[in-house]
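S.K.: sharing a model prediction with you, sequence too.
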Amino acid sequence: MRIHITGNAGSGKTTLARELGAVLNVDVFGLDKIVWKENWGVTSKKERAALEGELTNKEEWIIEGVSSIARRSADYIIFLDLPRSTCLKRGVLRSFKHLFSTRQELPNNCLEFKIVHKLIKLIWQFNTLARPSIIGDMKNKNSITISSNNELYNFVENVKHNKALNMDTKSLAAFRSI
């Protein structure tokens, strides 16, 4: 099983990936340690593609982040398309929580205070810069778009209850109506 969880910064990708990984017993990989280097250095496109290729060549995985390579290699795509206001709130709260420390999923010395302004800009521009290609890549894939905290909660509870990722239309409609 290869699952790609994608969405805006602050949408809940890392949290959802960890929860699904634990329930489904699948290794979880975050792209933050591939995209970023120590002190918020940026990985070159060539190196990033090679590292993402190594991950997607594994037999099973859950990869969280924004990546066309992961989307195209995934059996399932989960798009956390939450409102910009939700992502801004979560992103800023997360940044303040780790203002002078490095989050576990980041390389060393990636202190949040150094990039809060970039984070806000990234969140604000996501719908224009990333969302269209994500939606395009989802057209011929087993995929789901989760658009609210309620849908996200119900989706996770459904997976926990069934101990499986059920992406058929009936089960997706069921968790939306809960």
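M.R.: Yep, that arrived. Residues are numbered from 1 along each chain as shown.
S.K.: the protein: strands as residue ranges?
M.R.: In the chain, the strands defined using DSSP state E lie at 2-7, 28-30, 36-37, 41-42, 61-64, 76-80, 142-146.
S.K.: tell me which of the ones you listed sits nearest to Leu119.
M.R.: Go through the strands of the chain one by one with Cβ to Cβ and the one that ends up closest to Leu119 is strand 36-37, at 12.2 Å. C-beta here means a position set from N, CA and C on the backbone, and glycine is covered the same way.
S.K.: pairing partners for the closest one, with directions?
M.R.: strand 41-42 (antiparallel) (DSSP bridges).
S.K.: where's the partner strand relative to the chain centroid, distance-wise?
M.R.: With Cα atoms, centre = their mean, to the nearest Å as the basis, strand 41-42 stands 19 Å off its chain's centre.
S.K.: run the chain-centre distance for stretch 95-110.
M.R.: 17 Å.
S.K.: mind listing residues that contact it?
M.R.: Outside stretch 95-110, the residues that touch it by Cβ atoms under 8 Å, 6 or more residues apart in numbering are 14, 30, 32-33, 36-40, 94, 111-113, 115-116, 119.
S.K.: just to revisit the earlier point, in TSV: the strands of the chain, plus mean neighbour count, distance to Arg103 and mean pLDDT.
M.R.: Formatted as TSV, those follow (neighbours: other Cβ atoms under 10 Å; distance: least, Cβ to Cβ, whole Å; pLDDT from 0 to 100):
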stretch	mean neighbour count	distance to Arg103	mean pLDDT
strand 2-7	26	17	97
strand 28-30	21	10	97
strand 36-37	17	11	90
strand 41-42	10	16	90
strand 61-64	26	13	98
strand 76-80	23	18	96
strand 142-146	19	22	94
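S.K.: for the ones you listed, give me a markdown table that also has distance to Phe155.
M.R.: Formatted as a markdown table, those follow (distance: least, Cβ to Cβ, whole Å):
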| stretch | distance to Phe155 |
| --- | --- |
| strand 2-7 | 11 |
| strand 28-30 | 16 |
| strand 36-37 | 28 |
| strand 41-42 | 32 |
| strand 61-64 | 14 |
| strand 76-80 | 8 |
| strand 142-146 | 6 |
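S.K.: my read: Arg72 touches Asp137, true?
M.R.: Yes: counting by Cβ atoms under 8 Å, Arg72 does reach Asp137; the two are 6.4 Å apart.
S.K.: between these two, who's got more neighbours?
M.R.: Shown here are Arg72 and Asp137; by other Cβ atoms under 10 Å, Asp137 has more neighbours (20 against 13).
S.K.: and the more buried one, what does it touch?
M.R.: So Asp137 contacts Ser68, Arg71, Arg72, Ile77 (Cβ under 8 Å, 6+ apart).
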